[in-house]
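Asker: Can you look at this prediction? I've put the sequence above it.
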Amino acid sequence: MIEFRRYLLGLAAAVAAAGFLGASAPAAGQTKSADDLVLRGDAVCTKCHTAELTPHVLEIAKTTMGTVADPRTPTCTSCHGESLKHRNGDGKPDVTFDKKSTTPIEARNEACLSCHRNDPSRSHWDGSTHQSRGLACTSCHEVHTAHDKVRDKRTQPEVCFTCHKEQRGQIDRPSHHPIPEGKMACSDCHNPHGSTGRALMKRDSVNQVCYTCHMEKRGPFVHSHEPVDEDCTNCHNPHGTVTENMLKMRPPFLCHSCHTPHSSNNIPALLGLQDSPNSATTTGKNAINYNMARGCLNCHTQVHGSNNPSVVDPTPQFMLR
Amino acid sequence: MKASKKSIGLGRTLIAAAVLAAFGTAYAQDDVAALTQPQSSFGAGVAVLSGHQGDRSIFGQFNGMREHGGYLDLDIDLVKRDDSTGTWTILKGRDLGLDSRELSFTVNKQGDWKFGGDYSELVHREIRTVNTGVTGIGSTVLTDTRLATPGSGTDEHLQLKRTRLGLSGDKWINPGLQFQVSFKNEDKEGARFWARGYECASYVCSNTQSAANQRWALLFLPEPVDSNTKQVEARLNYHTDKLFVSGGYYGSFYTNSNGNVRMNVSAPLNGSTGLPVASVSPLAVLNLPMALPPNNEAHQFYVDGNYRFTSKTRANFKLAYTRATQNESFAAMGLADGSQPRADFGGQLDSTLAQVGLITHPMARLTVNANLRYEKKDDKTPIAVYNVENGTFWSNGHQTNEKTNGKVEATYLFPANFRGTFGIDYEKAKRELPLAESVVGPSGVALAGFNALRGETQEVGYRAELRRSISETLIGAIAFSHSKRDGSDWYNLCTNGACTAAGLVYGGLYSGDTLSAATVNTGAYPFTLSDRTRDKVRLTADWSVSDRLSLMFVAESGDDKYEPPSSAGLQKSKLSLFSVDASYAVSDMWKLSAYASQGDQTINTGQNTGYRAELKDNNTALGVGITGKLSGRLEVGGKLSYVNDVNKYAFSLYPLNTNAGAIAQVNTYGGLPDVTYRETKLSLYGKYALQKNADVRVDLIRYQAKLDEWTWGYNGVPFTYQDNTTVSLNPNQSVTIIGATYIYKFK
């Protein structure tokens, strides 16, 4: 009787399991089997990783990876390995991606790159700053979710600020790109997957990236300002500053970092804080005019360059007009 | 008949098994569908704001919520997937009720083709208010009438609006070949803060500065913006098992509807003490046209990609050629006055870029990474005489330059998952010096106010890092870097009497030591060309204290020391940053987070014989956050952030400055007052699930900002332009926003 009962229990378990277990993972190009929940061949995993127990795991189906009509889409074991021991209840999957994972970074990344390698935005991943610093794809990306924070410009910056703390403090300054407002994200200028430009710029140089939105600064101009043409960040901090126009320093200090001033005895001053207040004979090149308002740019307005060809005094070559 | 316990137990087992087999699958399918099918939603909301627009100019500079006290808003997320064909249809809309709206659509047969478009608007509102008598703002002809008193004009709020339209598509021609194309069009219009100023040179105006004659004027002149940019990119991507290569074209085009801006200015204007003066010497000059940015375009052809020699050795590469031109007719820009040497500038810059990188694992634990990048910009713009000063003429210059960057680094994997990296970085830049055709006249004015240029700079840097990326408890890194920049001899531009007496000739090449030794040579040298030593150390640690608590620490410190041939200009800069972040999972439902950062930056710079400035910036950022569920239906959360940024300006005198006025100014005031910015933001929300497919969300935001600056006025005394235009900003701003949003979800 006891043996018969055990036999019936085993039969009951087998009947129940048949409701969920599918055949072994089908090859790519085949459709899901009746036992698969979300991905082709996922039955080996979803018999335990059910909707009740691990709902977040199944959310991968909401993404492009869950589009089974695309023969390229993976199954669980494509990324996590066959994981025979794990299936038998012994240990973790062959490849894991969480923060405490002991899977080598290269192995984790190869799970992604095996499909995503051949994409122009990742052509320079090998040898790039993030790759050589040991970042895994999953350091930034979440896969088992329909909302990958780093791919939404409203939430992307908080992912980048996990490591880039200096920029976290800068974007809240009053002169900033519209990143806190969710209108721009770090990836509007940077390609974190690698590039030929400095500081992982999307294009080949800092200036080329800046010109995509600020193309009026490209010139070339009749009267050019060489540090402008070389690198916008010679003068600007694009992450945010208290000084207007995202300048690293306000004029005159920024300009005096390269240029000899008009009058060496004019100490930058404020109205009301002058040892010798302005008089009727005070010249235009005075301590107030090159410190307050736009500083040197009160007169040298065309600081990015001027296309004025006039060869008549007063010359436009000093960026006056 | 009495059923035995054993029979009942067996019966229950069979019944349970039968029920599970019959209904277990159905139950799982309902849950699975909810978790695995793409979901759509739309959210319609209303927000009410306190105060008036002056109270939220900093808050509302980009988000479209500055001008009014209430807004309706709409977000759309329509995501459909045809599982039989793998075709996605996505329509997304953000902030559709605001003027910072975005709308995009994509139709994508995954793995085959994709087509999409996007439309967006973004308005940038200047945070300051201009009170002025200037009229015609936004147009190319302005009229300026002096206000009787500061503040008696019209309040103007400048803004720039960008309207962008994008189209893109791609198609897999076969499994290894993909074609991609994109097009972006952006219109920009509005007015931007600008100025016009001039002090008459003696060879332009003969009158002297006095109470009866004003020889200089600074005026508010807003730049009219009406321009368009177009960007088009097409590429063909090809891959095999080992090779990925992409060839493409990127074209960018800038068109400006405005060629110049003129201001009709008439006397009287303010004199040096703010009183009106009827005789204004530079009036004719101030009425001359100012050039606006010319049309320009650039075309780039490129090939890039990578190759896997083996699984252990991979390379990447890029080759690109770009031609950038600017040849807009001066007459069409309204700038032709008969003196110009050509009908257009004929600007042409041809750039060539070549890059190759290699990463290889010669041993199981060793990785070697090398990269070489070369870029040359060849300036082919015609040389012509564009410059004049008091009867002396000279030509434009060229911007030809070459830059070579290289790096080699080796990483070794030590036991316990520690990686040690050592790297060498190299950069060499060659810049074209002023051409022989350029002539500096006997007045001896140096080119644009600095003493010398440098044809070549080179920088060599060394890096060492120890990193641990894999651990169940502690990962992090410590890194050191050191680099030194030097270069060629300096190309002297100084020809004044003192420089000549020291034996310096124009165009002569001199070492930095020679120039330093010429004690009369106190001019500034561009910091971008000066010798520099750069050091930096950075420490990061990410500690999983327990399953619930993790902490992250970042500390970094660095300094740049410049060594120009004089003690003027940028000398030194230092920075440090300390930051700690914490996250704590109180339970499965509740999470806490917090951070604190402190950053300091100091810059030492100075005028050649006037002052020395030590500029300090101290930035403190704090934040706490909480999210959780009060019940199965009610989710709540909150964030509080605080930023305090203090900028200090301390002066000392150049050691040989004996000017009594300068000495008195520094001794009395020491420097300039601090500029401080403080921002506090509190965001609270609650989201209640009305039913399975509908939520209502309530937000409460309190934003406070304080910007204490002296740029446009100090201690109640405004800076005034010569026409009594003033610029102001409410230094203490705050806004409270209450919003409610209904979110409906559907499949």
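Answerer: Perfect, I can see it now.

Asker: any idea how far B:A517 is from B:S511?
Answerer: Per C-beta to C-beta, to the nearest Å, B:A517 is found 9 Å from B:S511. Just so you know, the C-beta spots here come from the backbone N, C-alpha and C atoms, and that holds for glycine as well.

Asker: Next: B:G423.
Answerer: Using C-beta to C-beta, we find B:G423 at a distance of 30 Å from B:S511.

Asker: cool, A:C255 as well?
Answerer: Distance of A:C255 to B:S511, given as C-beta to C-beta: 26 Å.

Asker: Repeat that for A:P93.
Answerer: Applying C-beta to C-beta, the value for A:P93 to B:S511 is 64 Å.

Asker: Please apply the same query to B:V303.
Answerer: With distances defined as C-beta to C-beta, the gap from B:V303 to B:S511 amounts to 42 Å.

Asker: picking up where we left off before, between A:C255 and B:S511, who's got more neighbours?
Answerer: Comparing A:C255 with B:S511 by other C-beta atoms under 10 Å in any protein chain shown, the one with more neighbours is A:C255, at 22 against 12.

Asker: my read: the more buried one touches A:C296, true?
Answerer: Yes. The pair formed by A:C255 and A:C296 meets the contact definition of C-beta atoms under 8 Å, at 4.6 Å.

Asker: Please name the bridge partners of B:G305.
Answerer: For B:G305, the beta-bridge partners under DSSP bridges are B:V245, B:F317.

Asker: OK, contacts around it?
Answerer: A:S123, B:L243, B:F244, B:V245, B:S246, B:N316, B:F317 (C-beta atoms under 8 Å, 6 or more residues apart in numbering or on different chains).

Asker: so how far is A:N191 from it?
Answerer: Applying C-beta to C-beta, one obtains 15 Å for the distance of B:G305 from A:N191.

Asker: same thing with A:T50?
Answerer: Counting by C-beta to C-beta, the separation of A:T50 from A:N191 is 39 Å.

Asker: neighbour count winner among the two?
Answerer: Neighbour tally, A:T50 and A:N191, criterion other C-beta under 10 Å: the higher count belongs to A:N191, 21 against 18.

Asker: what's the more buried one in contact with, if anything?
Answerer: Taking C-beta under 8 Å, 6+ apart, one finds A:S121, A:L200, A:M201, A:K202 in contact with A:N191.

Asker: ok, and the closest non-adjacent residue to the last one?
Answerer: Take A:K202 and drop its neighbours on the chain: the residue closest to it by C-beta to C-beta, 6 or more residues apart in numbering or on different chains is A:N191, 4.7 Å away.

Asker: Would you mind giving both backbone torsions of the one you found?
Answerer: According to degrees, to the nearest 10, the main-chain angles of A:N191 amount to phi -110, psi 100.

Asker: ditto for A:Q317
Answerer: A:Q317 has phi and psi values of phi -70, psi -20 when expressed as degrees, to the nearest 10.

Asker: Tell me how far the residue nearest to A:K202 lies from A:T138.
Answerer: According to C-beta to C-beta, A:N191 stands 18 Å off from A:T138.

Asker: One more: B:F422?
Answerer: Summarising the geometry, the distance separating B:F422 from A:T138, computed by C-beta to C-beta, is 27 Å.

Asker: These two: which has the busier surroundings?
Answerer: Here B:F422 and A:T138 are set side by side on neighbour count (other C-beta under 10 Å), and the busier one is A:T138, at 19 against 13.

Asker: Number of residues surrounding the closest residue to that one other than its chain neighbours?
Answerer: Nearest-residue entry for A:T138: A:F97, 4.2 Å, with adjacent residues in sequence omitted and distances by C-beta to C-beta, 6+ apart. Other residues within reach of A:F97, judged by other C-beta under 10 Å, total 21.

Asker: Surely B:A477 and B:V537 touch.
Answerer: No. Because the distance of 11.1 Å does not satisfy C-beta under 8 Å, B:A477 is recorded as not touching B:V537.

Asker: who has more neighbours, those two?
Answerer: Neighbour tally, B:A477 and B:V537, criterion other C-beta under 10 Å: the higher count belongs to B:A477, 19 against 14.

Asker: Spit out the contact partners of B:R94.
Answerer: Taking C-beta under 8 Å, 6+ apart as the criterion, B:R94 is in contact with A:G182, B:D75, B:R101, B:E102, B:L103.

Asker: Show me what it bridges to in the sheet.
Answerer: The bridge-partner assignment for B:R94, based on DSSP bridges, gives B:E102.

Asker: Give me the pLDDT value at it.
Answerer: At B:R94, the model reports a pLDDT of 96.

Asker: Regarding residue 204, what is its secondary structure?
Answerer: Because you didn't say which chain, this covers chain A. Using DSSP: H, G, I helix; E, B strand; the rest coil, the structure places A:D204 in coil.

Asker: how many neighbours does it have?
Answerer: Counted with other C-beta under 10 Å, the neighbours of A:D204 add up to 24.

Asker: what number of residues lie near the nearest residue to A:Q156 once chain neighbours are set aside?
Answerer: In space, A:Q156 comes closest to A:A185 once its chain neighbours are excluded; the distance is 4.2 Å by C-beta to C-beta, 6+ apart. Here the count is done by other C-beta under 10 Å, and A:A185 has 21 residues near it.

Asker: How about the contacts made by A:A185?
Answerer: With contact set as C-beta under 8 Å, 6+ apart, A:A185 has these partners: A:K153, A:R154, A:Q156, A:P157, A:I179.

Asker: gap between the third one and A:K149?
Answerer: The one in question is A:Q156. 7 Å.

Asker: Looking at those two, which is more packed in?
Answerer: Taking other C-beta under 10 Å, A:Q156 and A:K149 do not tie; A:Q156 has more neighbours (22 against 15).

Asker: check contacts around that one.
Answerer: Counting by C-beta under 8 Å, 6+ apart, A:Q156 makes contact with A:K149, A:V150, A:A185, A:C186, A:S187.

Asker: What is the nearest of those to chain B?
Answerer: If you rank the contacts of A:Q156 by distance to chain B using C-beta to the nearest C-beta, A:A185 comes first, at 12.3 Å.

Asker: can you give me phi and psi for that closest one?
Answerer: With angles defined as degrees, to the nearest 10, A:A185 shows backbone torsions of phi -130, psi 170.

Asker: Then A:S132?
Answerer: Main-chain torsions, A:S132, degrees, to the nearest 10: phi -70, psi -20.

Asker: Count the neighbours of the residue nearest to it when sequence neighbours are not counted for me.
Answerer: In this structure, A:S132 finds its nearest non-sequential neighbour in B:N369, 5.7 Å apart by C-beta to C-beta, 6+ apart. B:N369: 20 surrounding residues under other C-beta under 10 Å.

Asker: From what I see, B:N369 and A:R133 are in contact.
Answerer: No. With contacts counted by C-beta under 8 Å, B:N369 stays clear of A:R133, the gap being 11.1 Å.

Asker: Let me see the ranges of the strands in chain A.
Answerer: In chain order, chain A shows no strands, with DSSP state E as the criterion.

Asker: Which secondary structure element of it has the lowest mean pLDDT?
Answerer: Sorted by mean pLDDT, DSSP states H and E, the helices and strands of chain A end with helix A:2-18, the least confident at a mean of 38.

Asker: that older thread, please check the contacts of A:A185 and keep the buried ones.
Answerer: Neighbour-count burial within the contacts of A:A185 applies to A:K153, A:Q156, A:P157, A:I179; the criterion is 16 or more other C-beta atoms under 10 Å in any protein chain shown.

Asker: Quickly note the distance from the first one to B:A298.
Answerer: Going back to what we said before, that points to A:K153. A:K153 sits 26 Å away from B:A298, going by C-beta to C-beta.

Asker: Right, I'll call it a day here.
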